[in-house]
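# no sequence for this one, just the structure:
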């Protein structure tokens, strides 16, 4: 190393050969003490600056959005050193090629300069002069992404370029760059992990992650609250044994095994309703969605579970309330029918008998007898209308004799030939019978009106705990789902009892109306 | 021919009695329900029981059997405010001879069933 003394300047001694090793050690020791990426720059600057005994240093990092370098960290030998440089450096934004750091950033090569020319390429030439520094060195910061910045140092000493020192600095630039990048990506992973943890912890749904053996890997706070296990208790346990009731456990295990063997999912990615079990053994309804996560050592499964006890209860209450409304309406209709029967109908019938008696006693005298004949005719009409009204409200035959007699009555009154294939002899709940009757009556009315059928078949049979009423015809079919608005109304009635009503009507192949009504014999 | 009228509507019983008597029938009794009707039938031994299908204590189609099972059994004729189409399926299985809708009741209609 050559020393170039300048007149009037301090003499400069040759660097100690062990200097490079001491710098590397100082940097390595410094970095070992921190995990914070931003502290690493300050530590590296101080370690190098102090060991070299130089005056001022700065770390420049690229600002990708503006494509310039800005100083993110500076160091001074003492609080009054290089005043002008220290003041100006943090305010600069250097494009590629401008200033010493900009040149190093652009070329990727370390640089060493003496007294910089004041020609505009070096924005800080004047500040350097004012600060009394004459020599600067600068080296790139390299990371896996390439050159991401530069580190510079200034000294008041007149030092000749030191190739070994530059080489040493160049290698330190890579170490520092990689150290910072590694720490930053670790911090990013930690932040991301913390966000995921927070998300899991605050999720309202239970989130349970299991491995391919069904063992619990994750058990979030909602799962802890819902099932009554802590995450620590749950971890590593087999999920089936933890939250699946004993009666369903085998099925759960077989399902997982079958899926792993065949890769044919049955419950993946859709909502299913199952029964869950709490730590105290109590069971409750759960809505579950399972998704698959593929990781390096095989698939994991995430279960999202939600306690739907409240919803189930609300649904049950709603169903019960709808059923009660239908039943109350039926009771009321039966009462009205009975009132008509016992009141107005009896009055009219008595009147008919009196009038007939009067008519018979006056003989055919012309005026009075024809008056009475007219009155008898009108009375017959009124009786008929009242009877139809009463039957439409609620047929007395159904109340007294059940579906068999009521269906026979429908057949007797139908405008087309109707065959009754089967009707259970047992009696059902009044609302079930009324619903079955009105479905059959409405369907037969529609057959006569629209189907152009030769005949129809009426059938009611018990299938488990459902009464299934079917009316099918051999007519033209093609009934639009919305047609026969009377049936639409009955659909609500059937649904209120927890059943369903369907219309199957392919063009040219007849129409079949089917109502499935939950029932119990009464 | 003697007739017992069994019906829970007093108004109808009175009108039916008047009409049938005017047409030559001998209405020997009235009853408002099945039990008193059966008692009256046993006591009065009518030729015909005009029996309403809907009684407070029972169903006329079934009660017809009880009347017909008595001593020197009467002929049971059912009546109702319903039309014959409404109950047609129930008549063959009962012990009644026939059915006359209430608004059609007359000596003639009764005779037609008894014939």
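Looks like it arrived, so ask away. Computed from a predicted model, the values in this text were never measured in an experiment.
# can you name the helix or strand that the one residue in chain A that gets nearest to chain B falls in?
At 3.3 Å from chain B, residue A:408 is the closest residue in chain A, using CB to the nearest CB. In this view, the C-beta of every residue, glycine as well, is placed from N, C-alpha and C. Residue A:408 belongs to helix A:396-413 when elements are defined using DSSP states H and E.
# can you check residue A:517 too?
Using DSSP H and E, residue A:517 sits in strand A:512-518.
# which elements pack onto that strand?
Packing partners of strand A:512-518 (3 or more CB pairs under 8 Å, 6 or more residues apart in numbering or on different chains; DSSP states H and E): helix A:430-446, strand A:466-473, helix A:485-496, strand A:500-504.
# and residue B:111, how many neighbours does it have?
By the measure other CB atoms under 10 Å in any protein chain shown, the count of residues near residue B:111 is 13.
# against residue A:510, how distant is it?
As for residue B:111, its distance to residue A:510 is 47 Å (criterion: CB to CB, to the nearest Å).
# stretch A:434-444 near chain B at all?
No. Residues of stretch A:434-444 contacting chain B under CB under 8 Å from any CB of the partner chain: none, with a closest distance of 12.8 Å.
# what average pLDDT does stretch A:28-38 get?
Across stretch A:28-38, the average pLDDT comes to 82.
# list the buried ones in stretch A:134-147?
Neighbour-count burial for stretch A:134-147 flags A:134, A:135, A:136, A:137, A:138, A:139, A:140, A:141, A:142, A:143, A:147 (criterion: 16 or more other CB atoms under 10 Å in any protein chain shown).
# contacts only, for the last one.
By CB atoms under 8 Å, 6 or more residues apart in numbering or on different chains, the residues touching residue A:147 are A:62, A:105, A:108, A:140, A:141.
# farthest-separated two in the buried residues of stretch A:134-147?
Spanning the widest gap among these are A:134 and A:143, at 31.3 Å by CB to CB.
# turn the contacts of residue A:147 into a markdown table, including secondary structure.
Shown next, in a markdown table, are the contacts of residue A:147 (DSSP: H, G, I helix; E, B strand; the rest coil):
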| residue | secondary structure |
| --- | --- |
| A:62 | strand |
| A:105 | helix |
| A:108 | coil |
| A:140 | strand |
| A:141 | strand |
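# for the residues you listed, which one is nearest residue A:470?
residue A:62 (78.9 Å).
# what's the spacing between the closest one and residue A:391?
As for residue A:62, its distance to residue A:391 is 91 Å (criterion: CB to CB).
# and the gap between whatever residue of chain B ends up closest to chain A and residue B:99?
At 3.3 Å from chain A, residue B:89 is the closest residue in chain B, using CB to the nearest CB. Between residue B:89 and residue B:99 the computed distance is 12 Å (CB to CB).
# looking at the two, which is more packed in?
Neighbours were counted for residue B:89 and for residue B:99 using other CB under 10 Å; residue B:99 has more, 24 against 19.
# for residue A:88, state which of the buried residues of stretch A:134-147 is nearest.
Nearest to residue A:88 out of the buried residues of stretch A:134-147 is residue A:136 (CB to CB; 13.9 Å).
# confirm the closest one sits in a strand?
Yes. With three-state DSSP as the criterion, residue A:136 is located in a strand.
# contact partners for the spatially most central residue of chain B?
Centroid-nearest residue in chain B: residue B:50, 1.3 Å away (criterion: CA atoms, centre = their mean). By CB under 8 Å, 6+ apart, the residues touching residue B:50 are B:3, B:4, B:5, B:6, B:7, B:16, B:77, B:79, B:100, B:105, B:110.
# repeat that for 10 Å
Taking CB atoms under 10 Å, 6 or more residues apart in numbering or on different chains as the criterion, residue B:50 is in contact with B:3-7, B:13, B:16-17, B:20, B:25, B:27, B:30, B:74-79, B:100, B:102, B:105, B:110, B:113.
# and the pLDDT at the closest residue to it other than its chain neighbours?
Nearest residue to residue B:50, sequence neighbours excluded (CB to CB, 6 or more residues apart in numbering or on different chains): residue B:5, at 4.9 Å. As predicted, residue B:5 sits at a pLDDT of 97.
# wait, residue B:5 sits on residue B:44?
No. Contact between residue B:5 and residue B:44 fails when scored by CB atoms under 10 Å: they sit 11.3 Å apart.
# by contact count, what packs against the helix of greatest length in chain B?
As assigned by DSSP state H, the longest helix anywhere in chain B is helix B:10-22. Contacts defined by 3 or more CB pairs under 10 Å, 6 or more residues apart in numbering or on different chains; DSSP states H and E place helix B:10-22 against helix A:346-362, strand B:2-6, strand B:26-31, strand B:48-52, helix B:107-114.
# buried stuff in that helix?
Quick answer for helix B:10-22 (16+ other CB under 10 Å): B:12, B:13, B:15, B:16, B:17, B:19, B:20.
# how far away is the third one from residue A:112?
Per CB to CB, residue B:15 is found 134 Å from residue A:112.
# give the buried residues for the helix or strand of chain B with the lowest mean pLDDT.
Least confident element among the helices and strands of chain B, by mean pLDDT, DSSP states H and E: helix B:84-87 (a mean of 86). When burial is assessed from 16+ other CB under 10 Å, helix B:84-87 yields the following buried residues: B:86, B:87.
# swap in stretch A:312-321?
Neighbour-count burial for stretch A:312-321, with 16+ other CB under 10 Å as criterion, is recorded at no position.
# what does the model give residue A:521 for pLDDT?
pLDDT for residue A:521: 64.
# what ranges do the helices span in the stretch 151-300 of chain A?
Counting by DSSP state H, counting those that start in this stretch, the stretch 151-300 of chain A has helices at residues A:163-202, A:221-227, A:231-234, A:239-243, A:246-262.
# could you export those helices as CSV, including distance to chain B, mean neighbour count and mean pLDDT?
What follows is those, written out as CSV (distance: least, CB to the nearest CB, whole Å; neighbours: other CB atoms under 10 Å in any protein chain shown; pLDDT from 0 to 100):
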stretch, distance to chain B, mean neighbour count, mean pLDDT
helix A:163-202, 68, 15, 90
helix A:221-227, 57, 20, 94
helix A:231-234, 65, 15, 94
helix A:239-243, 57, 21, 89
helix A:246-262, 48, 14, 85
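# so which of these is nearest residue A:464?
helix A:246-262 (21.1 Å).
# what does the closest one contact?
Outside helix A:246-262, the residues that touch it by CB under 10 Å, 6+ apart are A:210, A:212-214, A:238-241, A:243-245, A:264-268, A:274-277, A:281, A:283, A:290, A:292, A:298-299, A:301.
# elements contacting the helix or strand harbouring residue A:313?
If you go by DSSP H and E, residue A:313 is part of helix A:309-340. Secondary-structure packing of helix A:309-340 (3+ CB pairs under 10 Å, 6+ apart): strand A:272-277, strand A:283-295, helix A:367-393, helix A:396-413, helix A:430-446, helix A:485-496.
# pLDDT on that helix, on average?
Averaged across helix A:309-340, pLDDT comes to 92.
# centre of the chain to that helix, how far?
Here helix A:309-340 is found 35 Å from its chain centre; the criterion is CA atoms, centre = their mean, to the nearest Å.
# the nearest residue to residue A:269 once chain neighbours are set aside - how many residues pack around it?
In space, and not counting its chain neighbours, residue A:269 is closest to residue A:291: 5.9 Å by CB to CB, 6+ apart. Applying other CB under 10 Å, we find 13 residues neighbouring residue A:291.
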